[in-house]
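Novice: Sequence first, predicted model second:
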Amino acid sequence: MDSFDIKSLPAPLRAVAIIVQRFWFAWCCLATMLIGVVALVCYIFIFNFTKPQNAKRYAFYVTKYWGKALLALMLVRVTSEGEDNLCLEGGSYIIVSNHASIVDVPLCMATSPIQFSFLAKQEVDRLPIIGFLARNMHVYVDRKCQESRRQTFGRMKAHIEDGHSIHIYAEGTRNRTDELLQGFYNGAFKLAIDTQHPIAVMTICGSEKASDPRDPFLACPASVHCIWDEPISTVGMTVEKDMKRLKTMVRDRILYNLEYYHAEYRV
């Protein structure tokens, strides 16, 4: 299946296609707000009227169906494979994936077979609905502050050791380059080794077709595929000896999946 490239169109048709994509982006924003209001009502009830030990689990399932509904309204068709590689009963993971689009957040929530929290940027706190959710479910980090990053690492360790999984975009931000994958930061791999918990490797293929990070005010229907690889055990690893090798191993897996996907679909 060849991808559709509006740059190959004649100038008048290209202008029309861009206008249509801007209208579709506006529709996606409206859909996000409408579904978000419904989800917010559920979150307020959950975090105020349910037991704290159950609140995050209930909120995760609300968010999961929020993601599914939002992707459906955006006409983003999602397929996935490898969910059975993750143990659904007990244990926790550091989930590591690539990051190419704003649709990756609902995508990760909609397809994940396990409950998890995101490592969220401090800027998310200013967003309506999403900020409320992040304060109650996820772990914040101020990337500009060294002390904040140190404290956040401690909170992530406590989060993992309490039996909760956490999802980290190892590139740090959306990939706005022409490369399939940017370099990875060390945090996720240091966390996995320090806690001796496995890394669950997730590859997101094609989400940039739904919303290109280099032109975020355009959107269009798309097909996206997610791959869950066999988790990588970190038992017995040390930061000094194994972190670089672990990071390379995870990055190579994701890069292989992206290269295969782009070759198969000629993206």
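Specialist: Happy to help now that I have it. Numbering: from 1, shown residues only.
Novice: switch to C-alpha atoms for all contacts and neighbour counts from now on
Specialist: OK.
Novice: so where do the strands sit in this protein?
Specialist: 76-81, 94-97, 116-121, 139-141, 165-169, 199-205, 222-228 (DSSP state E).
Novice: mind listing what's buried in the last one?
Specialist: If you call a residue buried by 16 or more other CA atoms under 10 Å, then strand 222-228 has these buried ones: 222, 224-228.
Novice: what would these look like in CSV with pLDDT and distance to residue 11?
Specialist: Conversion of the buried residues of strand 222-228 to CSV gives the following (pLDDT from 0 to 100; distance: CA to CA, whole Å):
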residue, pLDDT, distance to residue 11
222, 94, 23
224, 95, 28
225, 95, 31
226, 96, 34
227, 96, 37
228, 95, 40
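Novice: What count of nearby residues applies to residue 71?
Specialist: 23 (other CA atoms under 10 Å).
Novice: What of residue 34?
Specialist: Neighbour number of residue 34 under other CA under 10 Å is 12.
Novice: Residue 239 is in contact with residue 196, correct?
Specialist: No - with contact defined as CA atoms under 8 Å, residue 196 and residue 239 do not form a contacting pair (10.6 Å).
Novice: which stretches of the protein have low pLDDT?
Specialist: Counting by pLDDT under 70, the chain has low-confidence residues at 1-9, 88-90, 120-138, 140-149, 265-267.
Novice: mind checking the longest helix of it?
Specialist: helix 11-49 (DSSP state H).
Novice: Can you name every helix or strand that it contacts?
Specialist: Contacts defined by 3 or more CA pairs under 8 Å, 6 or more residues apart in numbering; DSSP states H and E place helix 11-49 against helix 52-73.
Novice: Give me the buried positions along the helix it packs on.
Specialist: Those buried within helix 52-73 under the rule 16+ other CA under 10 Å are 55-56, 58-60, 62-71.
Novice: So what's the residue count around residue 253?
Specialist: 14.
Novice: Could you dump the strands of the chain into CSV with distance to residue 41 added?
Specialist: Shown next, in CSV, are these (distance: least, CA to CA, whole Å):
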stretch, distance to residue 41
strand 76-81, 25
strand 94-97, 28
strand 116-121, 20
strand 139-141, 22
strand 165-169, 25
strand 199-205, 30
strand 222-228, 29
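Novice: correct me, but residue 198 touches residue 236?
Specialist: No - Residue 198 lies out of contact with residue 236 (CA under 8 Å); the separation is 11.2 Å.
Novice: Quick check: residue 218 vs residue 196, distance?
Specialist: For residue 218, the distance to residue 196 equals 41 Å [CA to CA, to the nearest Å].
Novice: Skipping adjacent residues, who's closest to residue 257 in space?
Specialist: Leaving out its chain neighbours, the residue that sits closest to residue 257 by CA to CA, 6 or more residues apart in numbering is residue 203, at 6.8 Å.
Novice: ah, wrong one, I meant residue 229
Specialist: Residue 229's closest residue in space is residue 201 (CA to CA, 6+ apart), at 5.4 Å.
Novice: wait, what's in contact with the one you found?
Specialist: Counting by CA atoms under 8 Å, 6 or more residues apart in numbering, residue 201 touches 95-97, 228-232, 250, 253-254.
Novice: Which among those residues count as buried?
Specialist: 95-97, 228-232, 250, 254.
Novice: Return the member of the residues you listed nearest to residue 28.
Specialist: Nearest to residue 28 out of these is residue 97 (CA to CA; 23.6 Å).
Novice: from what I can see that closest one touches residue 169, true?
Specialist: Yes - at 5.4 Å, residue 97 and residue 169 qualify as touching, with contact defined as CA under 8 Å.
Novice: Can you report how many residues lie near residue 75?
Specialist: Applying other CA under 10 Å, we find 15 residues neighbouring residue 75.
Novice: Check the one 4 residues further on too.
Specialist: A total of 12 residues lie near residue 79 under the criterion other CA under 10 Å.
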